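1. have a look; sequence and predicted model below, questions after that.
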Amino acid sequence: MQRLLEFWIAHRVELAGLIGQHVLLVFASTLAAATIGVPLGIFAARRPRLASPLMAAASVVQTVPSLAMFGFLLPVPLVGGVGARAALVVLILYAVLPIVRTTVAGLRGLDASVREAGIAMGMTSRELLRQVELPLALPSIVAGVRVAAVVGVGSATIAAAIGAGGLGEYIYRGLSMVDTTVILAGAVPAAALALVVDGSLWWLERQLSARRRSRSWRVPAAASVAVAIVLLSSGAAARRERGVIVVGSKNFTEQLVLGELLAQAIERAGVPVDRRLNLGGTLICDRALITGDIDVYVEYTGTALTAVFHQPVSNDPSAVFDSVRTLYAKTGRTLLPPLGFNNTFAILVRGADARSLGLKTIDDAARQSPRWRAGFGYEFVERPDGYPGLANAYGLRFPQPPRVMDLTLTYRALAAGQVDLIAGDATAGLIKGLDLVQLEDTRRYFPPYDAAAVARAETLLRHPEVRVALEGLSGRLTADEMRALNYAADVEHRDIGAIVRDFLAR
Amino acid sequence: MPVSAIEFRDVSFSRPGHAPVLDHFNLSVEPGDVLALVGRSGAGKTTLLKLVNRLLLPEAGAIFVEGRDTREWEPIRLRRRTGYVLQDVGLFPHMSIADNVAVVPRLEQWAAERIAARTNELLDLVGLPASQFATRWPDELSGGQRQRVGVARALAVDPPVLLMDEPFGALDPMTRAELHAEFRRIQERLRKTVIIVTHDMGEAFALGDRVGVLDEGRLVACDRPDVVVRSPEPLVRQLLDALPAIPRPPAVQGAPR
């Protein structure tokens, strides 16, 4: 609790900006969804035959997990890509269904005699809709908007995965650093926001169904308060400065540190930077670099070769670097010189097991594997240089298929004895923090994963000073240093900005 | 020859899968007359009213309102010229009493002052003083009061024709008698052409200048109350016998049965 308050106070400007972004995302998406959903609901209510397929389609959209939805949208032009725009599209898609549904229910549930009276009075169908049907269905419609907005507050946290900002940034940052305080720093305000949104729309709903004269001033008053909040939020969100160069990173601690490292190095050269750290993964970063949503991020040569360019695995570090650089150059991007460390996959076991069983190499572990459980991150299970090849190369035979979980959780799962072998990053700070041991890859199964910044060629041409700043980082980080930086972030919970500042000051 | 206000000429109407509701049906109502139509539930009374303001169109034959075929009327125009009082009132629950009464004037885009003046006048006419009732809500009123609002709403733009679908059906006998007297008083002043349908012979005799008896899509009797009361038609006799006590209009007081 103490740490949470300290975190909020230390990050108050950033926190205000994230809350602002969050409110804006939810407000804009709910507003747009209502603009789409209410007419759609009116349309569906009048044509019952069209209503069921429409509802079915909307329900299907609703069941697509939001991360998968971002995945689908990534390659779509105009709406896809990385950033607030794609997040808005996804949030709108989710918000439309409840609004359509309650609009239809509100209109269908009207007392038949009231509609009949309107028609018999000589109302045109438009007059009937505006003067009778919509006002009477309004409480039901507002109830749908309320559901949509509250769900939206939750879904918007996921938008951070594609760099749209919002409170999800803390949640993702906390998850990748395995730091509960940071998770709570995002989750608690998000929950509070959901309650506030729910409460105020519930109040509005009641005001509308109570249909008393008093609403004539209360509702406009409430609306002005809402508008004021939204304006304040956009003010706070806008305060998060727009830089010239956009630096991205993937969503684990080392990438956050490296992203911050690139950002500070560029800032030291006097160029303002916009940070889009904590993007969903390799695919999202690569896509964002192509579309220009980000200008630079740190990639690993082996990952680029296999996951980005789908080339066969190779074991020679300099050959891999050269071919990756050529492949990037062909697609308008420049691979800068390596930072100095090789973040290969590390096959890890508990220190206690290593000592008691005398484990030193992956071959040693293969002999234990029939009695063990393995746990891997999502990527490792799929990658061509991942688990299937590893199992072949070393003859690993686990009695059950490996448990697949979030990469950062595998360290904890190993330390807690839930699994016995994981594939982590060689530079993970948690290796030191949790007393884990890396087994030697004697058969050189894993290709080299030299970390190097990759940037849009166009950006480097326009800003030669950025190129100089990035090249200045070449060879500055050994694996030990990287592990120490990660340790400072993951285990000592130090602020990443400060860690990087200290490192660059050395 | 003066044109009838409302005339049914050889009208047939049926609902799919049912016996015809109206079968070669003829009827005419003179301007300023009150025609009270009696029939059992399902005898086609509501259908008949809906044919007048073109909520329904006939399968054969034609209905003339003020000499013009309903098919030739622009439906919205026609409906605003025919006040309609519904069986279950159908007041708009989200509007105040004054706003309910003002619905059609608003549709006709009257000026605000004219609407206000008219609303007050009508509420006073139906015995609900505007000072007390204008700003109340439908769910705060008794059934009888709601029905009065329904009548005021139907009269708002002074339509020449008034259609009333069992307007007093759901009320207790005291309130109903009160509203019957009120209706006669208002009709003395306004002289509208009225068709009122009811399943209650007593009500028909209390309100109608003429009384029609509807059975299986035919009009078995249609004349002044003092004529109908002597009709030999079995159904008419049956309906008359079902009355606990016939509240006779003054014209037939003391006439032999």
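-> Good, I have the coordinates.

2. between the two ends of stretch A:368-383, how far is it?
-> 24 Å (C-alpha to C-alpha, to the nearest Å).

3. no, scratch that, I was asking about stretch A:417-436
-> 12 Å.

4. now swap in stretch B:14-26 and tell me
-> End-to-end distance of stretch B:14-26 (C-alpha to C-alpha): 15 Å.

5. residue of the stretch 151-257 of chain B closest to chain A, please.
-> In the stretch 151-257 of chain B, the residue that lies nearest chain A is B:R153 (7.6 Å; C-beta to the nearest C-beta). Every C-beta, even on glycine, is put in place using the N, C-alpha and C of the backbone.

6. for A:R483, give me its contacts.
-> A:427-429, A:431-432 (C-beta atoms under 8 Å, 6 or more residues apart in numbering or on different chains).

7. of those residues, which belong to helices?
-> Counting by DSSP state H, the part of the contacts of A:R483 found in helices is A:429, A:431-432.

8. of those residues, select the buried ones using a PyMOL command.
-> Command for PyMOL that selects the buried part of the ones in helices among the contacts of A:R483, burial taken from 16 or more other C-beta atoms under 10 Å in any protein chain shown:
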select buried, chain A and resi 429+431
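
9. ok, the ones in helices among the contacts of A:R483 vs A:G417, which is closest?
-> The nearest member of those to A:G417, counting by C-beta to C-beta, is A:I431 at 16.7 Å.

10. my guess is A:Q131 contacts A:M123. True?
-> Yes. The pair A:Q131 and A:M123 qualifies as a contact (C-beta atoms under 8 Å) at a distance of 6.8 Å.

11. quick check on the residue in the stretch 401-506 of chain A that chain B sits nearest to: phi, psi?
-> Taking C-beta to the nearest C-beta, chain B has its nearest neighbour within the stretch 401-506 of chain A at A:D406, 50.9 Å off. Dihedral angles of A:D406 (phi, psi; degrees, to the nearest 10) stand at phi -60, psi 140.

12. how about the one 4 residues further on?
-> With angles defined as degrees, to the nearest 10, A:T410 shows backbone torsions of phi -60, psi -40.

13. how much space separates it from A:V419?
-> Counting by C-beta to C-beta, to the nearest Å, the gap between A:T410 and A:V419 amounts to 7 Å.

14. overlap in contacts of the two?
-> A:G375.

15. all helices of the stretch 51-200 of chain B, in order?
-> Remark: helices assigned in the stretch 51-200 of chain B by DSSP state H, counting those that start in this stretch are B:75-81, B:97-101, B:103-107, B:112-125, B:130-133, B:143-154, B:173-190.

16. for the third one, packing partners?
-> In this case it means helix B:103-107. Secondary-structure packing of helix B:103-107 (3 or more C-beta pairs under 8 Å, 6 or more residues apart in numbering or on different chains; DSSP states H and E): helix B:112-125.

17. what kind of secondary structure is B:V11 in?
-> strand (DSSP: H, G, I helix; E, B strand; the rest coil).

18. burial check on it, number of neighbours?
-> B:V11: 22 surrounding residues under other C-beta atoms under 10 Å in any protein chain shown.

19. residues touching it, list them.
-> B:22, B:24-26, B:51, B:58, B:60-63.

20. filter those residues to the buried ones?
-> By neighbour count, with 16+ other C-beta under 10 Å, the contacts of B:V11 hold B:22, B:25, B:51, B:58, B:61-63 as buried.

21. about what we covered before: could you save the helices of the stretch 51-200 of chain B as a markdown table and add columns showing mean neighbour count?
-> As requested, the helices of the stretch 51-200 of chain B are exported to a markdown table (neighbours: other C-beta atoms under 10 Å in any protein chain shown):
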| stretch | mean neighbour count |
| --- | --- |
| helix B:75-81 | 18 |
| helix B:97-101 | 24 |
| helix B:103-107 | 20 |
| helix B:112-125 | 16 |
| helix B:130-133 | 15 |
| helix B:143-154 | 23 |
| helix B:173-190 | 15 |
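
22. would you format these as TSV with mean pLDDT included?
-> Below are those laid out as TSV (pLDDT from 0 to 100):
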stretch	mean pLDDT
helix B:75-81	90
helix B:97-101	93
helix B:103-107	93
helix B:112-125	92
helix B:130-133	91
helix B:143-154	90
helix B:173-190	88
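
23. turn these into TSV, columns for distance to B:R68.
-> Output for the helices of the stretch 51-200 of chain B, formatted as TSV (distance: least, C-beta to C-beta, whole Å):
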stretch	distance to B:R68
helix B:75-81	9
helix B:97-101	28
helix B:103-107	20
helix B:112-125	26
helix B:130-133	36
helix B:143-154	21
helix B:173-190	22
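
24. so which of those helices is nearest A:A223?
-> helix B:97-101 (22.2 Å).

25. report all helices and strands that that closest one contacts.
-> Judged by 3+ C-beta pairs under 8 Å, 6+ apart, the packing partners of helix B:97-101 are helix B:112-125, helix B:130-133, helix B:143-154.

26. list the contacts of the second one.
-> Okay, so that is helix B:130-133. Contact with helix B:130-133 is made by B:97-98, B:119-120, B:123-124, B:141, B:145, B:149, as judged by C-beta under 8 Å, 6+ apart.

27. okay, now the unreliable bits of the chain?
-> No chain was given, so I picked chain A. Low-confidence segments of chain A, defined by pLDDT under 70: A:74-75, A:77-82, A:176-178, A:209-220, A:233-243.

28. let me rephrase: I mean chain B.
-> For chain B, the ranges with pLDDT under 70 are B:1-2, B:244-257.
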